[in-house]
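> Provided below are the primary sequence and the corresponding predicted coordinates.
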Amino acid sequence: MRFSTHAAPKPSSPSIDAALSDATGLSFAARSICGPVRAVNEDRAVAIDRGDAVALVIADGMGGHAHGREAAELVVRCCAEAVQARRRTAWCDVLARGITEAHAQVRRAAQHHGVDGMGATVAAAIAERRPSATPILHWAHAGDSRVYLWRGRTLVRLTDDHSSVAQLVHAGHLSDDEAFDHPDSNIVQRAVGQPRPFEPELHTALPLDHGDAVLVCSDGLHGALRDRAIAAVVDGATRADALCQQLIDAALDADSHDNVSVACLIVPPRPRAQRRRPTRANARRSDARTSAPSAEALAR
């Protein structure tokens, strides 16, 4: 599938879908803007707080202005309904249920409209709250919308794009820098609404740490900013709503022509009373814990 590239000009105007924080200091927000050369914003972004968990969902629609927007709305709505309806189901299963239901609804909508190529990429993350402990992260995606983790001043990509260019990178035929500017970077191989059988990619049960940040975004962000540039913006962030806007501003400053959607969650630093004075022994252990983690290590 390929994203549409209509070029009717329209000024970008940010809209905040959520900008919230809870009593424990957990900060979360979602924001989406229409790109400077797009007529319609086909992205959707939402942050949902249901008390025992916070969900972040990004959907990037494709299939033309109206159909892409409808597909993205269906994805966000189905995921939000699955989150709100959850009782005792595992959170990973909740993500799977919401995304697969969205797939069925997008397929029905495409048949109703008589169009091909109607669909959406999706990335979603759920931070499950725990009493007297930091949250546990569960996440899912399809396509090239991404989930990142910021930990120990290192940005780790938790998702692998479902795209032909990503396959070339994995096979060693392209470097990450070469992939960034590749002309086929907008062709995805898995998306909600695709005509062939579909399953989202699911990951579960990663404990978050004090000072961590979770970033969910569409390709409007990571297509304009390399990971190191995203990391430079995330570094030092304390409020999710401000971070969302700063990332969008950075993408626009980098001449992003796409819609840009970002959802963020920030775990507050460890309370001062709980911080232990470092000794030589535990400093060495701390250095080992905060060395640059890999996505594979974090997902174990």
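Yep, it's here. Residues are numbered from 1 along each chain as shown.

> Strands of the stretch 201-300 of the chain, start to end?
201-207, 213-217, 260-266 (DSSP state E, counting those that start in this stretch).

> For the last one, which strands pair with it and how are they oriented?
When pairing is defined by DSSP bridges, strand 260-266 lines up against strand 27-33 (antiparallel), strand 213-217 (antiparallel).

> Which among the strands of the stretch 201-300 of the chain is found nearest to residue 127?
Closest to residue 127 of the strands of the stretch 201-300 of the chain, according to CB to CB: strand 260-266, at 5.6 Å. Backbone N, C-alpha and C define where each C-beta goes, glycine included.

> Tell me where the model's unsure across the protein.
Applying pLDDT under 70 to the chain picks out residues 1-24, 273-300.

> so the spatially most central residue of it bridges to which residues?
Centroid-nearest residue in the chain: residue 216, 1.9 Å away (criterion: CA atoms, centre = their mean). Beta-bridge partners for residue 216, by DSSP bridges, are residue 147, residue 263.

> so how far is residue 118 from it?
22 Å (CB to CB, to the nearest Å).

> and if you look at residue 42?
Residue 42 sits 11 Å away from residue 118, going by CB to CB.

> Those two - which one has more neighbours?
residue 42 (32 against 27; other CB atoms under 10 Å).

> Make sure that one is actually in contact with residue 70.
No. Counting by CB atoms under 8 Å, residue 42 stays clear of residue 70, with 9.1 Å between them.

> Now for those two: what residues contact both?
Residues touching both residue 42 and residue 70 (CB atoms under 8 Å, 6 or more residues apart in numbering) are residue 61.

> Which neighbouring elements make contact with the biggest strand by length in the chain?
Secondary structure of the chain per DSSP state E: the longest strand is strand 119-130. Judged by 3 or more CB pairs under 8 Å, 6 or more residues apart in numbering; DSSP states H and E, strand 119-130 is in contact with strand 53-62, helix 65-85, helix 91-113, strand 133-142, strand 146-151, strand 213-217, strand 260-266.
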